[in-house]
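Colleague: Quick check, what structure comes out for this input:
(one chain, ligands or ions: 1)
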Amino acid sequence: MKGVAMKVVVTGGAGFIGAHLCRELAMRPGVSEVVAFDDLSSGSAENLKDEALEDCGGAVRALGTSGGEVRLVRGSVLEREHLEEVLDGADAVVHLAACPSVTRSMDDPAFSHRVNATGTVRLLEVCRSRKELHLVAASSSSVYGSVSGLPEPEGLSARPLSPYSASKLAAEAYVLAYGAGFGLPTLALRFFNVYGPLQRADKPHAAVVPTFVAAALRRRPLCIKGDGLQTRDFTYVGTVARVLADAVVRRVTCPAPVNLAFGERVSLLELAHLVGEVVGVPVDIRHEPPRPGDIRNSQPVAGTLLRRLFPDVAPVSLRTGLEQTVAWLRKSLDRESTGLPV
Ligand code: NAD
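Modeller: The predicted structure follows:
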């Protein structure tokens, strides 16, 4: 761990996971400067304001309560010169910037590849000229695709079902290749269905947790694509932010990809009922046709590699995480109904 005054850059830092990570980093002793580098294509400056996380309980912290500042720099990971500038003097970079939509990738695979894979190579090229820069990058459990056999150990071969997953696999492979080939200190973490406050329910193709919570809060039906028996392993965003921040301050590296998940597997039907319980309403479930490129089951091997690298991280339980999510979305929907910015 570097003792003093680390500068950390978070690409995609104004996005859902990025904004939580920037807060977490700003609270860490030894981190003196946090820069969110983001083109604001799906993230927003609002996510980095204190008000964004007001009143949603103790598992998230507001910016500036006792931590440092987060500076937002608007720019794209595709702009090499801008990257060089923002990474000047940095000790670590957490690479979250991506176009994370599976549906968008089905409509425009080349765009998905450009942002997710080429964007990662641009960043790695800057890192290559600064060999001390530690890189932690977000990969995705979707790289496993249709591979049969649960749970999913990291060694299982990948079989992406969408251009998004293929682009994340390519990005992850480049991160590991630059680690092996050029000796860069790198870590690639495969995220599994991250959820929590700041994840929007109102975007097209929003993630399942905010979609279910918003529907339950509005007393509307919860629509499930397919039979609802498909399973997912959900990780609370605060847990993800903790792992990422620990990786940064302890300069954790690994020559292989690491599953960032804790093995709490639930079906979408079970999730829908739990959301109803937490919101305090009976849920009305409707089934719709399955989504192309959707994954049937997803469950990592419960954290063997992760636990070895991050023995101190205890995950927030699904119920607690949902309580935080419901509190945040309830407030966000209240603001919407009163015409205030959300
Ligand atoms: P998000 O859309 O909220 O965050 C992505 C951020 O990247 C946004 O702020 C966006 O504006 C920014 N961005 C996009 N293109 C950019 C570019 N060219 N240059 C700079 N910034 C750019 O999504 P998220 O859920 O916070 O995802 C963060 C990362 O985690 C992504 O890499 C995603 O693939 C990965 N991931 C997320 C999940 C999940 O469940 N949320 C699961 C697996 C992997």
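Colleague: In the helix or strand containing residue 308, which residues are buried?
Modeller: Under the criterion DSSP states H and E, the helix or strand holding residue 308 is helix 304-309. Of the residues in helix 304-309, 305-306, 309 count as buried by neighbour count, 16 or more other C-beta atoms under 10 Å. Quick note: C-beta positions are derived from backbone N, CA and C, even for glycine.
Colleague: JSON lines for those residues, including pLDDT and distance to residue 206?
Modeller: Listed next are these as JSON lines, based on pLDDT from 0 to 100; distance: C-beta to C-beta, whole Å:
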{"residue": "305", "pLDDT": "91", "distance to residue 206": "30"}
{"residue": "306", "pLDDT": "94", "distance to residue 206": "27"}
{"residue": "309", "pLDDT": "97", "distance to residue 206": "31"}
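Colleague: Show me which of those residues is closest to residue 242.
Modeller: Residue 242 lies nearest to residue 306 out of the buried residues of helix 304-309, by C-beta to C-beta, at 11.8 Å.
Colleague: measure that closest one to the ligand for me?
Modeller: Residue 306 sits 15 Å away from the ligand, going by C-beta to the nearest ligand atom, to the nearest Å.
Colleague: Compute the distance between the residue nearest to that residue when sequence neighbours are not counted and residue 210, please.
Modeller: Using C-beta to C-beta, 6 or more residues apart in numbering and skipping the chain neighbours, the partner closest in space to residue 306 is residue 258 (5.7 Å). The gap separating residue 258 from residue 210 is 26 Å, by C-beta to C-beta, to the nearest Å.
Colleague: repeat for residue 305
Modeller: Distance, residue 305 to residue 210, by C-beta to C-beta: 29 Å.
Colleague: Strands along the stretch 201-342 of the chain, start to end?
Modeller: For the stretch 201-342 of the chain, the strands defined by DSSP state E, counting those that start in this stretch cover 222-225, 231-233, 235-236, 258-260, 265-267, 285-288.
Colleague: In a markdown table, list these along with mean neighbour count, mean pLDDT and distance to residue 332.
Modeller: Listed next are those as a markdown table, based on neighbours: other C-beta atoms under 10 Å; pLDDT from 0 to 100; distance: least, C-beta to C-beta, whole Å:
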| stretch | mean neighbour count | mean pLDDT | distance to residue 332 |
| --- | --- | --- | --- |
| strand 222-225 | 19 | 93 | 18 |
| strand 231-233 | 22 | 89 | 23 |
| strand 235-236 | 26 | 96 | 17 |
| strand 258-260 | 26 | 94 | 26 |
| strand 265-267 | 17 | 90 | 24 |
| strand 285-288 | 12 | 94 | 23 |
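Colleague: Can you lay out those strands as JSON lines showing distance to residue 214?
Modeller: Output for the strands of the stretch 201-342 of the chain, formatted as JSON lines (distance: least, C-beta to C-beta, whole Å):
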{"stretch": "strand 222-225", "distance to residue 214": "10"}
{"stretch": "strand 231-233", "distance to residue 214": "18"}
{"stretch": "strand 235-236", "distance to residue 214": "18"}
{"stretch": "strand 258-260", "distance to residue 214": "25"}
{"stretch": "strand 265-267", "distance to residue 214": "19"}
{"stretch": "strand 285-288", "distance to residue 214": "15"}
